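Asks: Structural data only, the sequence is not supplied:
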């Protein structure tokens, strides 16, 4: 796993214990000497050379000392797991060397298995490496970059961050402490969705002082509460005998009243459950207290409260199947509260995020306790800056304006640190690592502090030492850092994406002494760390609809129908609220079954199950009035972004860009799932969606295949990769794609002609392809009334085979101007949807079932990697670093101020963060049904 660059912070151990751990351990007198002696004995030091010892030699030594000295890790079991993966992990077979697991957790419920990772139980994961800086992922030298570029060192960072992500997936966490043991040295790491803060490397066997430093952290950690150890205590575990646990078992079973979700005409005599009929009303509560407890965490043993006595509402079959699957195996169950709504969940239903750094989105099919109906819970970490609205706020606004084909918000809100602690009232779960951002943070690592001293200390107690502990003090009350502090300096503005000037540290030096001018000067010259950090807050939103992925469509005509629904949602959101979605992608377009009622001329009602398109994931949406000042770099999902947005990441997203993204989604789904002539589609997908080119500024640009298609108007990226859908050339999808492409051919022809004129007037070549968009003007508001389907003449479409030189300026402008609004785009879709030449079922099994967007990296972050730079300019490269779902650089707005202090301006960091849109792992059987369009 590759995480984003610029998301690591290192600091001296003294500052780390005071500022990150915020505590010191009560280590018993004499224990450091005892553990030091035992470790040296098991390692065979000093007789043997530490450099000759293997990784296993170090882990075995720790294990033996832990078993012979229980006080080494108080209240924990030192579990070695470097040889055996989890029994259920038959694919990844992931193994971490060791971990600390609470002793009490090894005796409860039989979930603990010795010598295996036990991912759900780990409290402190520990990874061992041999001696040598070549296996150290961080560099403590102030004159060097914190994140090293050496291949072996980057591999270690990827490894430990993968383990951290695995634990975040298996547990409900807000942060995670780790120990990285590199031979005779250790580092403490604290990971959260924004990045990682690591201590300097300290030698724990060279001197007793080093062993004492290790024990200082271990004992402080052992005294932490669950919340301080990083557990998200707002997710309350459900005991097996609880009312909620038993009710989940009951509702997971198939019910007679459940409805099949495939499109069809319903028998007039068939009974339709009320809960499946369209309704804008809130979820109807049931009467609690008679058969089930008001509190689902309550034990439920009395007969009168058996969960299966309360009637179970009907639902779509695929929804109950998804819920049942989320309870499979050893999945733990939790109660999560969002705006006073109690939600019961099992395992997430989406693929786990590929990176710890980022939103960390997890999707659950949840049982809403109040209504006893299934809802969708989305748990993620969202950017937390002034001017950035939550997805729930945006979608509630869409719901209030009755924008069709968007999700319905049931509840939403940011997650509290501890809702039961009055001292933490109103404090949110925010990332702490991001507070070290040189752009927005109010903390900084003080590298003027001296490194940890390895000078051996006296074996006798120091003068004046008394009591039973040699620790510097008892654990202090944990301080929850605010997002900003009064009197601190604001972020520094920059005019180019190369990064801001180094921000001076606000952390005091040792003993509170101010630093000299020489120290400040050296700090400014030091390579800056943390430039890619983004401040995030834990967030949950509940939606009424639980949808199917777009890839479940059963015919190309049905795909067009779903596309029309989503484009209409996009149009109405723009016309009514001036909202631009900014992340149109295949993962954000969903399928939701609905029961539609129509009356015939005799007033008789007829019911039909239809599949409707839902445009989801509105968290990146912005008003079109929020121009350049709030526009993040390359917002969206790389594969579906317009060529112009990819080549000009600094430009705001326009309607033309969004419509182009819809076209790319249609092509993507068609190439993967519709019958066509290509025998091998992987090359096409790589050249059209995954690839990139590198411009003269060494920046990533649009894939060469995508550019060629948009410039020529033909779905062809080479002589052999010429896509023709269906068995005959007059398949409506071919004509539909050609008509839509003609609009964008006109747009880019004008853009490039304008660029050519600029080049002729200028004496210097342009830095990158393209010019300011001609279509920047936004359309005037138009009525929302549904218009009659357009009946356009075929000659209205531009002939893409016509030589570019023969295309008149007026004709091009006329075609390109149609991208000012959604009208022409929708009219073309509806025209070809009405064709009578669509095959009933022309889908095929997914040609790329395991296709996952490759990770992308900034060329500037890795100049030494020659194998990447060779051939980049030819367009043969793989995708750059992902920017899906807002995981790119954050908007130049200010951090949300929850403490009423002054906010800070946020700049556009050059580094692009990793991320990606997770897709559902559950796949119901595909049904060969005909398309239906309302």
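Replies: Arrived safely. All figures in this text were calculated on a predicted structure; none of them were measured in a lab.

Asks: only C-alpha atoms for contact and neighbour calcs from this point on.
Replies: Will do.

Asks: pLDDT wise, what is the nearest residue to residue 319 once chain neighbours are set aside at?
Replies: Leaving aside its sequence neighbours, residue 319 sits nearest to residue 546 (Cα to Cα, 6 or more residues apart in numbering; 6.9 Å). On pLDDT, residue 546 comes in at 98.

Asks: can you check residue 205 too?
Replies: pLDDT at residue 205 comes out at 96.

Asks: Near residue 83, how many residues? Count them for me, please.
Replies: Using other Cα atoms under 10 Å, residue 83 is surrounded by 12 other residues.

Asks: Can you tell me the closest non-neighbouring residue to it?
Replies: Using Cα to Cα, 6+ apart, the closest residue to residue 83 is residue 95 (7.0 Å).

Asks: which ones are touching that neighbour?
Replies: 81-86, 116-117 (Cα atoms under 8 Å, 6 or more residues apart in numbering).

Asks: Specify the residue ranges that define each domain of this structure.
Replies: 1-231, 235-383+409-421, 625-895 (automatic domain parsing).

Asks: which sections of the stretch 651-800 of the chain are below the confidence cut-off?
Replies: Scanning the stretch 651-800 of the chain for pLDDT under 70 picks out 728-729, 754-800.

Asks: next one: the stretch 101-250 of the chain
Replies: For the stretch 101-250 of the chain (pLDDT under 70), the answer is 108-110.

Asks: ok, back up a step: where does the residue nearest to residue 83 sit, in terms of helix or strand?
Replies: Using DSSP states H and E, residue 95 maps to neither a helix nor a strand.

Asks: Now that we're looking at it, what pLDDT does it have?
Replies: pLDDT, residue 95: 92.

Asks: Look up how far residue 157 lies from it.
Replies: Distance of residue 95 to residue 157, given as Cα to Cα, to the nearest Å: 15 Å.

Asks: what about residue 411, is that helix, strand or coil?
Replies: Classification of residue 411 by DSSP: H, G, I helix; E, B strand; the rest coil places it in strand.

Asks: Name whatever forms a beta bridge with it.
Replies: Bridge pairing for residue 411 (DSSP bridges) gives the partners residue 542.

Asks: ok now do it, which residues does it touch?
Replies: Contacts for residue 411 (Cα under 8 Å, 6+ apart) come out as 338-339, 341, 392, 541-543.

Asks: Out of these, grab the one that's most surrounded.
Replies: Neighbour-wise, the contacts of residue 411 (other Cα under 10 Å) top out at residue 542, 27 neighbours.

Asks: That residue against residue 407, yeah?
Replies: No. Counting by Cα atoms under 8 Å, residue 542 does not reach residue 407; the two are 9.6 Å apart.

Asks: which one is residue 264 nearest to, not counting chain neighbours?
Replies: Residue 264 sits nearest to residue 609 (Cα to Cα, 6+ apart), 5.2 Å away.

Asks: so the one you found bridges to which residues?
Replies: residue 264, residue 595.

Asks: so who does residue 171 touch?
Replies: Neighbours of residue 171 in contact, by Cα under 8 Å, 6+ apart: 119-121, 231.

Asks: As a markdown table, these with neighbour count, distance to residue 259 and secondary structure would be great.
Replies: Below are the contacts of residue 171 laid out as a markdown table (neighbours: other Cα atoms under 10 Å; distance: Cα to Cα, whole Å; DSSP: H, G, I helix; E, B strand; the rest coil):
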| residue | neighbour count | distance to residue 259 | secondary structure |
| --- | --- | --- | --- |
| 119 | 24 | 37 | coil |
| 120 | 19 | 35 | coil |
| 121 | 18 | 39 | coil |
| 231 | 18 | 39 | strand |
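
Asks: and the two most separated of the residues you listed?
Replies: Using Cα to Cα, those span at most 13.4 Å, a distance reached by 119 and 231.

Asks: Number of residues surrounding residue 274?
Replies: 11.

Asks: Oops, could you answer that again for residue 282 instead?
Replies: Quick note: residue 282 (other Cα under 10 Å) scores 11 neighbours.

Asks: swap in residue 722?
Replies: 15.

Asks: Next: residue 38.
Replies: 20.

Asks: Skipping its backbone neighbours, what lies nearest it in space?
Replies: Using Cα to Cα, 6+ apart, the closest residue to residue 38 is residue 65 (6.3 Å).

Asks: correct me, but that neighbour touches residue 41?
Replies: No. Residue 65 lies out of contact with residue 41 (Cα under 8 Å); the separation is 9.5 Å.

Asks: Same drill for the two, tell me which one is more crowded.
Replies: residue 65 (21 against 14).

Asks: where does that one sit relative to residue 183, distance-wise?
Replies: From residue 65 to residue 183 the distance is 16 Å (Cα to Cα).

Asks: now swap in residue 328 and tell me
Replies: Taking Cα to Cα, one finds residue 328 at 40 Å from residue 183.

Asks: Pick out whichever of these two has more residues nearby.
Replies: Taking other Cα under 10 Å, residue 328 and residue 183 do not tie; residue 183 has more neighbours (26 against 11).
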